[in-house]
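Novice: Sequence first, then the predicted structure:
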Amino acid sequence: MIQIKIYILVILRYYVYFDISVTPENIEISFNEIIEGTQCEFQCIAINGRPPLNSNVYIDGKKETDTMKKIDTGARNMFTITTLIIKKITRLHNQVKVMCCSTIGNGICRTKKVNVLFPPKDIHVEEMLRQNQDNGKTRIELKYTVAESNPKSSIGMSGVENNARMLVDKTYERKSETHGWALTVIWTFNFTRFDGKREIKCQVRTDGFPELNLEHIYKLNITYSPIVNISWQENKDIFVGDDVHLTCHVESNPPSTISWYKQSGLIQVVYDTKSLDINLTSVSTDYSGTYTCTAHNGIDGITSKNISLIVKESRKAMVHSYVLGLAIGIPITAVLTSVISFIMVYKRRKGALLVTRTDGVDNEYNGSRNDDTDLQAGYESLARQDFSKEVEMYTQPDNRKSTELPVVYENSEI
């Protein structure tokens, strides 16, 4: 009788434990690191509950029906039930909630967010600002936009290591659809016309994706107003009959419209070119004047440069003029020299006459040396006496040999 009671109690105890529902002590949600496009295993673990029923699993509010169950029995007929779900995850699942609920007993739920790793899909480059300065110096502002990623991305640039640049802005924006981070970076660069063919290479880097190959190559197009230079026979004399070659060299981007003018008259015009030549054959003096080259390409107006062409007479004409000048100049020089010599001799002899005739005059006018008027009158009287004696001697030939001729001074005042 006693043994029968013991068997009944054991059986009752077993079935009572089995039938009485017990809410699990805890629920755990477990999954590995998730990369988009991969199959992910979600585990919903209800610990120490009874009876061993499946838990309900919800992903982003939707109940998952394709589940598997694994049961582990513990003490006192308690069970740990693991509900398994295998699902392909995309970037759209990033930051969604996974909820695991046990319906045993009073029920218990737990939630956990999914962190899906994914790289950016593209990068976009936009030119925001361009400022043209003199001689092709250009300031460019570039905006780099990297599509959303998780985790955040960064960018590196090559090809502009030696150029001055400045970081204007760097911003991360979280996108609502994927909850990824989009990156926007704005850089300002200073270039010259010599950077016209340079390429700026931008590479995107995202942690967790070492093999990511996302880059963008931006080809520079430095535009600038024309720079004009003229080449010709600048250091050479141009004579009538010579040929003259004028070349207008223009450096610009885009190509320019080039025109040649003489004074205000148009000679020639060519579109979208780098140089323009004009050939002047067998020039005459009518070709002399100002020649101007103008260029424009729609940037900063018209640029011009000019030269002055002077056509001289032919070399034969110059030689003829030189000889004629000598023929005229030498006689004139001779005449002028004779006149000057005559004047100098006249002044010299006039002074000598006054000195040599002072012997007799000094005694005659010894008392009146200080009287200038009387002295001058004495000189004039003496000169007249000498002139009369000379005339008389020349009119009496027989007396020429015995009489000594007086000194006669040409052009003496009488």
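Specialist: Sure thing, it's come through. Numbers count the residues shown, from 1 in each chain.

Novice: Okay, the nearest residue to residue 119 once chain neighbours are set aside and residue 234: tell me how far apart.
Specialist: The shortest distance from residue 119 to any non-neighbouring residue, by CB to CB, 6 or more residues apart in numbering, is to residue 209 (4.4 Å). C-beta: built from backbone N, CA, C; applies to glycine. Using CB to CB, to the nearest Å, we find residue 209 at a distance of 64 Å from residue 234.

Novice: So for those two, which sits in the more crowded spot?
Specialist: Taking neighbours as other CB atoms under 10 Å, residue 209 and residue 234 compare with residue 209 leading, 18 against 8.

Novice: So the more buried one is in contact with residue 121, correct?
Specialist: No: if you go by CB atoms under 8 Å, residue 209 and residue 121 don't touch, sitting 11.8 Å apart.

Novice: in the stretch 251-400 of the chain, which segments are predicted with low confidence?
Specialist: For the stretch 251-400 of the chain, the stretches with pLDDT under 70 are 315-327, 329, 345-346, 348-400.

Novice: quick one, helices of this structure?
Specialist: Ranges of helices in the chain, per DSSP state H, are 2-19, 315-356, 358-364, 372-395.

Novice: Which strand residues bridge residue 81?
Specialist: Residue 81 has the following beta-bridge partners by DSSP bridges: residue 46, residue 71.

Novice: Return the alpha-carbon coordinates of stretch 258-275 using PDB.
Specialist: What follows is stretch 258-275, C-alpha atoms only, in PDB (Å, rounded to 0.1, in the frame of the first residue of the first chain):
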ATOM      1  CA  ILE A 258      42.700  86.100 -84.100                       C
ATOM      2  CA  SER A 259      42.600  89.200 -86.200                       C
ATOM      3  CA  TRP A 260      45.300  91.400 -87.800                       C
ATOM      4  CA  TYR A 261      44.800  95.100 -88.300                       C
ATOM      5  CA  LYS A 262      46.800  97.900 -89.900                       C
ATOM      6  CA  GLN A 263      45.800 101.100 -88.200                       C
ATOM      7  CA  SER A 264      42.000 100.500 -88.000                       C
ATOM      8  CA  GLY A 265      41.700  98.500 -91.100                       C
ATOM      9  CA  LEU A 266      41.100  94.700 -90.900                       C
ATOM     10  CA  ILE A 267      43.700  92.600 -92.800                       C
ATOM     11  CA  GLN A 268      42.800  89.000 -91.900                       C
ATOM     12  CA  VAL A 269      40.700  87.100 -89.300                       C
ATOM     13  CA  VAL A 270      40.800  83.400 -88.400                       C
ATOM     14  CA  TYR A 271      38.600  81.500 -85.900                       C
ATOM     15  CA  ASP A 272      39.600  78.900 -83.300                       C
ATOM     16  CA  THR A 273      43.300  78.900 -83.900                       C
ATOM     17  CA  LYS A 274      46.600  79.400 -82.000                       C
ATOM     18  CA  SER A 275      48.500  81.600 -84.500                       C
END
